[in-house]
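Q: Return a 3D structure for these sequence lines:
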Amino acid sequence: MVERAVVLLSGGMDSAVCLHAAHALGRELYPISFRYGQRHQQELAAAEAIVARLPVARWLVLDLPLDRIGGSALTDPALTPAKGGSGEGIPATYVPARNTIFLSLALGWAETLQAHEIFIGVNAIDYSGYPDCRPIFVEAFERLANLATREGVTRQSFVIRAPLLHLSKAEIVRKGLELGVDFALTRSCYDPTVEGLACGRCDACRLRLAGFEAAGTHDPIGYVKS
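A: Below you'll find the model as predicted:
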């Protein structure tokens, strides 16, 4: 029997590589994405394009009005993502409890599917300093999943897979190329133009560009000309 896997898919490069990694392991794919009031909603169109290239069993998109909570430059129009480096500490683009919320909903869907693996493309090496991208968070959520669900308590344990957790951005690029990821379909920018061009200066763009450069290859998406 083919194992089912729920995969968090934002439409960015990391989540695309994560989805392809689950596919390479032979999993039956159930990607889940969220429309949460993010200013960079173009990533959902990217997620749709990524899903179309793989044998996905079902793609689920949920609406979450996290913009009503606010507190993030990604959901509050009064705030702007930092450009050219965000300095020390947790950046303004941190969305309060985002990965906890996303994983909780992915867990609920996984339980109904009897899928015991949840894949998430978090990375703790080249990242923006979000607390919910750390190994300790992934480990803690896995424990929670097996304490708080009927499936985890009475049948089979859940496993949270984070295959990119200890990879640099360059290693993620190389892994994606090995897995056949079309990076031209992915979107990472926190503040894209209405035409879909990446700004090239926000944290997500800077990390992405540095990763492609370190991997010795070209980022195929379009950027605003400096």
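
Q: How about residues contacting the helix ranked longest in the chain?
A: Scanning the chain for the helix with the most residues, using DSSP state H, yields helix 98-113. Surrounding helix 98-113, the residues in contact under the criterion CB atoms under 8 Å, 6 or more residues apart in numbering are 4, 6, 8, 30, 32, 34, 36, 60, 62, 64, 66, 115-118, 120, 122, 130, 132-133, 137, 141, 145, 149-151, 158, 160. Where you see a C-beta, it was placed from the backbone N, CA and C, and this is true even at glycine.

Q: Which PyMOL command selects the buried ones in those?
A: Typed into PyMOL, the line below selects the buried ones among the contacts of helix 98-113, using 16 or more other CB atoms under 10 Å:
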select buried, resi 4+6+8+30+32+34+36+64+66+115+116+117+118+120+122+130+132+133+137+141+145+149+151+158+160
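
Q: What distance do you get for residue 152 to residue 212?
A: Remark: distance between residue 152 and residue 212 (CB to CB, to the nearest Å) = 39 Å.

Q: angle of the longest strand along the chain against helix 98-113?
A: Identified as the longest strand of the chain according to DSSP state E is strand 28-35. Per axes from the mean of the first three to the mean of the last three CA atoms, to 10 degrees, the angle that strand 28-35 makes with helix 98-113 is 140 degrees.

Q: After strand 28-35, which helix or strand is next? Please name it.
A: helix 42-51 (DSSP states H and E).

Q: Could you check that following helix and say which residues are buried?
A: Neighbour counts over helix 42-51 (16+ other CB under 10 Å) mark 42, 43, 44, 46, 47, 49, 50, 51 as buried.

Q: Off-centre distance for it?
A: Distance of helix 42-51 from the chain centroid (CA atoms, centre = their mean, to the nearest Å) equals 12 Å.

Q: again with stretch 183-198
A: 15 Å.

Q: Show residues contacting that stretch.
A: 11-13, 16, 39-40, 42-43, 45-46, 49-50, 53, 73-74, 80-81, 83, 93, 173, 176-177, 199-200, 202-205, 207-208, 219-224.

Q: which of the residues you listed are buried?
A: 11-13, 16, 39-40, 42-43, 46, 49-50, 73-74, 81, 93, 173, 176, 199-200, 202-205, 207-208, 219, 221, 223.

Q: Out of the residues you listed, which sit inside helices?
A: 13, 16, 42-43, 46, 49-50, 173, 176, 203-205, 207-208.

Q: could I get those residues as TSV with pLDDT?
A: TSV is the format used below for those (pLDDT from 0 to 100):
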residue	pLDDT
13	97
16	98
42	91
43	94
46	97
49	98
50	98
173	98
176	98
203	92
204	94
205	95
207	94
208	96
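
Q: Switch the residues you listed over to a markdown table; also include distance to residue 193.
A: A markdown table is the format used below for those (distance: CB to CB, whole Å):
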| residue | distance to residue 193 |
| --- | --- |
| 13 | 19 |
| 16 | 21 |
| 42 | 10 |
| 43 | 14 |
| 46 | 15 |
| 49 | 19 |
| 50 | 21 |
| 173 | 24 |
| 176 | 24 |
| 203 | 17 |
| 204 | 14 |
| 205 | 12 |
| 207 | 19 |
| 208 | 16 |
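
Q: Quick check: the gap between the residue of the chain positioned farthest from its centre and residue 146.
A: Distance to the chain centre peaks in the chain at residue 154, reaching 29.8 Å (criterion: CA atoms, centre = their mean). Look at residue 154 and residue 146: by CB to CB, they are 11 Å apart.
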